[in-house]
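1. Quick check, what structure comes out for this input:
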Amino acid sequence: MRLGVVFGAIFRRDLAMAKRYLFNTLSSLISIYVVFLLIFMGMRAFGVRPMDAGGDQSLENTVIGFFVWTFAVFSYSDFSWGLIGEAQAGTLEQLYLAPCGFRWISVFSILSSLVFSAAPVALALLAMMATTGVWLSIDLVSVIPLLVITMLGAVGVGYVMGGLALVFKRVQAAFQIVQFLFVGMLVLPERLWWTRLLPLAGGNALIRQVMVNGARLWDLPAADVLTATAVGVAYLAAGLLAFSTCERLARSRGLLGHY
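-> Got it, this is the predicted structure:
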């Protein structure tokens, strides 16, 4: 079976789901903006203002951090929620019977999810900038590669959560815990060297340099870019290993076809 055909089928499925449940899609976008609006109003209440010459960058950092956090949540949760939905519908075993293997299906599902997440997250970013009056530099040539590097760690976490979903089925509470952990990773001060070893943190710092300071990808320190890439790949590999372990456990216990 050609892998392009598999990816096309998954992409068309996700497109049909987005059209069929358009209200849910729009509600997700609105909820993202409402949460940010509450954060922004709280910052205004405490006197935080957009950066002036030599001023504070708290608002800019908040916009970028919320943007990265939103994309990360989509990156790690859609795959896990998809597994739970397939298990509830009783179609998970059928996916494992696909000639290309479930591993390719999982990869294409994540890629398709990222494609469909890009549009609402980008719209949310524009809405956040319009609300705050903070217009960031959006150099797609620099931002997209850094965003991909940053999301590698989130996808790795998604594979871990997907593996847990195969074994334990109901992991919704753990999803909420991971979301709060992601927030913590984005607000830790950069002066702590070990924060670069956490998913999202290193990539978020590089994206901030591009969007706030107007730096280009090739202007960034090569060591920082390589470190963020290595950390993302390491978390992705660890996530795949954890998923494979949970997958074998679920198969040995006969859990794939049951919820």
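
2. Wait, Glu93 touches Leu256, no?
-> Yes - using Cβ atoms under 8 Å, Glu93 is in contact with Leu256, at 5.2 Å. Bear in mind the C-beta positions are built from the backbone N, C-alpha and C, glycine included.

3. Mind checking which of the two has more residues around it?
-> Higher neighbour count among Glu93 and Leu256: Leu256, with 16 against 13, using other Cβ atoms under 10 Å.

4. and that one, which of the three is it?
-> Here Leu256 is coil, with the state taken from DSSP: H, G, I helix; E, B strand; the rest coil.

5. what helix or strand is Ile60 on?
-> No, residue 60 isn't Ile; it's Glu. helix 58-89 (DSSP states H and E).

6. mind checking how far Met128 is from Leu200?
-> Per Cβ to Cβ, to the nearest Å, Met128 is found 18 Å from Leu200.

7. Can you pick out the residue with more neighbours from those two?
-> A count of neighbours by other Cβ under 10 Å puts Leu200 above the other of Met128 and Leu200, at 31 against 24.

8. For that one, give me the backbone phi and psi.
-> Reported as degrees, to the nearest 10, the phi and psi values for Leu200 are phi 80, psi -40.

9. same check, this time on Leu188
-> phi -70, psi 140.

10. Name all residues that make contact with it.
-> Taking Cβ atoms under 8 Å, 6 or more residues apart in numbering as the contact definition, Leu188 lies against Thr195, Leu198, Ala201.

11. Please work out how many residues are found near Leu147.
-> Neighbour tally, Leu147, other Cβ under 10 Å: 23.

12. if I look at it, how far off is Asp78?
-> From Leu147 across to Asp78, the span is 16 Å (Cβ to Cβ).

13. which residues touch the residue nearest to the spatial centre of the chain?
-> Closest residue to the average C-alpha location of the chain: Ala72 at 2.0 Å, with Cα atoms, centre = their mean. Each residue near Ala72 by Cβ under 8 Å, 6+ apart is listed here: Thr150, Met151, Ala154, Phe182, Pro199, Leu200.
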